[in-house]
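> sequence isn't available, so here's the structure alone:
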């Protein structure tokens, strides 16, 4: 029987990134898409609890069914697994228009969906390209995805581990490197404006700062040197190395 | 100089939980509150990128300033640090009305704020009580917070580690245990309804299933046995144990 590949993203079901990922996925089996109606960037692992969700079938053809939903990326995974009863062999999220390396894994709706797939017991992979534009060139990412997907279908992934794959926006990819999440932080500056009624409002803007510029085993190093980065990402966020220290506290 | 304690939450600045946390925090220094206008439950680590933010001072008295914002819990932390230029000695999030143990750490806006504080370089702690009601009894949690806060103020926390503290809704707390995040999953069932126009809509409902019922070193075990759970939580989500295995893949 052909594998079933569940595809979602955070840019919406019509984005070029998800259409590219569907193209990569169809080589390997039957594809079911459940993706947000519109962009849900920065939605992280958010779920919709105070509102209801819609789920609409958009199209159906041989080997491909597409649904769209009003929910977040994580809601889409939940709807696919629990309402549509899809039993995927793999869950693919992306291809995101924009990078999700280093600590951006925490803000990313793309990786929220991949982590949700992982927490639900399915091998899950998120893909992100370092290009925000609507017509970004996903050629390299499609090629890489077509190497990653069969490996994951064959070997699976360990429990509670998914993959965070980021691709630099370069003509010729130097290759792909398995790495760890770089330590860095976002330095925000709020763009403060006055509305026509004289009240302040704020737009979030920011620049990423890498805090370990010499380390060569990080995703940021890989990306800055023309490699795709593959970070195995755990949903068990226990800081095991600190368990013993804190046990001495007076609580 | 007195310490500065930054307080936020995901239930909104008027909730009983945050008022309880403010009460606990004021014993130790000057408190600045930046919290959402209203409930932002399930917002995880979401940030507002497609809309602007508002920030309004609600009140100011000796040792306590309160701001409210239209943003998510993570937005509130960013506004406090970057726009208000607060330099907190500690960031406290909660007390959440509802539990955030095990994998719920991923959905939690309370823990989103604590993780954001941690990623910004500040010792950060999230508190959650296993009671969803608006008038929950936070007495035990206030007492525990008043033990935790001075420990963290004195000893700090390691880089990239924050604390996820959950409290069972019991009259007499058995104590507090340092533990790891339990492996479990949410078994969702969508409550499917028809609107007056005949269209389907879905409410997310679910029950948590613990996948390791005999382990005694988890937060779920602690909570089920009347203890508060303290899980040191890392924002470095690299699955280090899988780095070597995946290096053999044909990519």
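Sure, I can see it. Computed from a predicted structure; not experimentally measured.
> spatially nearest residue to residue A:28, not counting backbone neighbours?
Leaving out its chain neighbours, the residue that sits closest to residue A:28 by C-beta to C-beta, 6 or more residues apart in numbering or on different chains is residue A:149, at 5.4 Å. For glycine as for every other residue, the C-beta is placed from the backbone atoms N, C-alpha and C.
> all helices for the stretch 51-200 of chain A, in order.
A:73-78, A:109-119, A:139-155 (DSSP state H, counting those that start in this stretch).
> number of residues surrounding residue A:237?
Look at residue A:237: counted by other C-beta atoms under 10 Å in any protein chain shown, it has 23 neighbours.
> list the contacts for it?
By C-beta atoms under 8 Å, 6 or more residues apart in numbering or on different chains, residue A:237 lies in contact with B:105-106, B:181, B:233-235, B:237.
> turn those into TSV, including distance to residue B:123.
Converted to TSV, the contacts of residue A:237 look like this (distance: C-beta to C-beta, whole Å):
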residue	distance to residue B:123
B:105	17
B:106	21
B:181	19
B:233	12
B:234	14
B:235	13
B:237	20
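> per-residue confidence, the residue nearest to residue A:28, what does it come out as?
Model confidence at residue A:149, expressed as pLDDT, equals 98.
> in this structure it contacts residue A:89, no?
No. Look at residue A:149 against residue A:89 with C-beta atoms under 8 Å: they stay out of range, at 9.7 Å.
> in terms of neighbours, single out the busier of the two.
The residue with more neighbours, out of residue A:149 and residue A:89, is residue A:149; 23 against 19, by other C-beta under 10 Å.
> measure that one to residue B:235 for me?
Distance of residue A:149 to residue B:235, given as C-beta to C-beta, to the nearest Å: 29 Å.
> next one: residue A:17
Residue A:17 is 26 Å from residue B:235, by C-beta to C-beta.
> against residue A:97, how distant is residue A:126?
13 Å.
> between these two, point out the one with more neighbours.
Applying other C-beta under 10 Å to residue A:126 and residue A:97 shows that residue A:126 carries more neighbours, namely 33 against 25.
> and the more buried one, how far from chain B?
12 Å (C-beta to the nearest C-beta, to the nearest Å).
> so that residue bridges to which residues?
Applying DSSP bridges to residue A:126 yields these beta-bridge partners: residue A:93, residue A:164.
> residues contacting it?
Residues near residue A:126 by C-beta under 8 Å, 6+ apart: A:92-94, A:96, A:100, A:108, A:110-111, A:113-114, A:162-165.
> mind putting those in a markdown table, neighbour count and distance to residue B:3 included?
Shown next, in a markdown table, are these (neighbours: other C-beta atoms under 10 Å in any protein chain shown; distance: C-beta to C-beta, whole Å):
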| residue | neighbour count | distance to residue B:3 |
| --- | --- | --- |
| A:92 | 31 | 47 |
| A:93 | 35 | 41 |
| A:94 | 34 | 43 |
| A:96 | 33 | 40 |
| A:100 | 30 | 35 |
| A:108 | 30 | 33 |
| A:110 | 33 | 38 |
| A:111 | 34 | 35 |
| A:113 | 36 | 39 |
| A:114 | 33 | 39 |
| A:162 | 30 | 39 |
| A:163 | 24 | 41 |
| A:164 | 30 | 36 |
| A:165 | 31 | 42 |
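> and of the residues you listed, the nearest to residue B:197?
Relative to residue B:197, the closest of the contacts of residue A:126 is residue A:113; by C-beta to C-beta it sits at 29.5 Å.
> was I right about the closest one contacting residue A:91?
Yes. Applying C-beta under 8 Å, one finds residue A:113 in contact with residue A:91, separated by 7.4 Å.
> joint contacts of those two?
The contact sets of residue A:113 and residue A:91 overlap at A:8, A:77, A:124 (C-beta under 8 Å, 6+ apart).
> okay, buried residues for stretch A:73-91 please.
The neighbour-count check on stretch A:73-91 (16 or more other C-beta atoms under 10 Å in any protein chain shown) flags A:73-83, A:86, A:88-91 as buried.
> oh, I was asking about stretch A:2-14
In stretch A:2-14, counting by 16+ other C-beta under 10 Å, buried: A:4-13.
> so which of those residues are also by chain B?
Filtering the buried residues of stretch A:2-14 for proximity to chain B by C-beta under 8 Å from any C-beta of the partner chain leaves nothing.
> and the residues you listed, which of them are in strands?
Members of those lying in strands (criterion: DSSP state E): A:4-8.
> how about these, which pair is most distant?
A:4 and A:8 (13.5 Å).
> residues in contact with residue A:167?
Neighbours of residue A:167 in contact, by C-beta under 8 Å, 6+ apart: A:95, A:127-130, A:140-141, A:144, A:173, A:228.
> show the pLDDT at it.
Here, the pLDDT recorded for residue A:167 equals 98.
> how close does it get to residue A:215?
20 Å.
> and the contacts of the helix or strand of chain A with the lowest mean pLDDT?
Least confident helix or strand, chain A: helix A:243-246 with a mean of 88, by mean pLDDT, DSSP states H and E. Applying C-beta under 8 Å, 6+ apart, the external contacts of helix A:243-246 come out as B:158, B:178, B:180, B:230, B:232.
> now with 10 Å, please.
With C-beta atoms under 10 Å, 6 or more residues apart in numbering or on different chains as the test, helix A:243-246 has contacts from A:239, B:151, B:155, B:157-158, B:161, B:163, B:178-180, B:217, B:230-232.
> what residues do residue A:4 and residue A:8 have in common as contacts?
In contact with both residue A:4 and residue A:8: A:32, A:91, using C-beta under 10 Å, 6+ apart.
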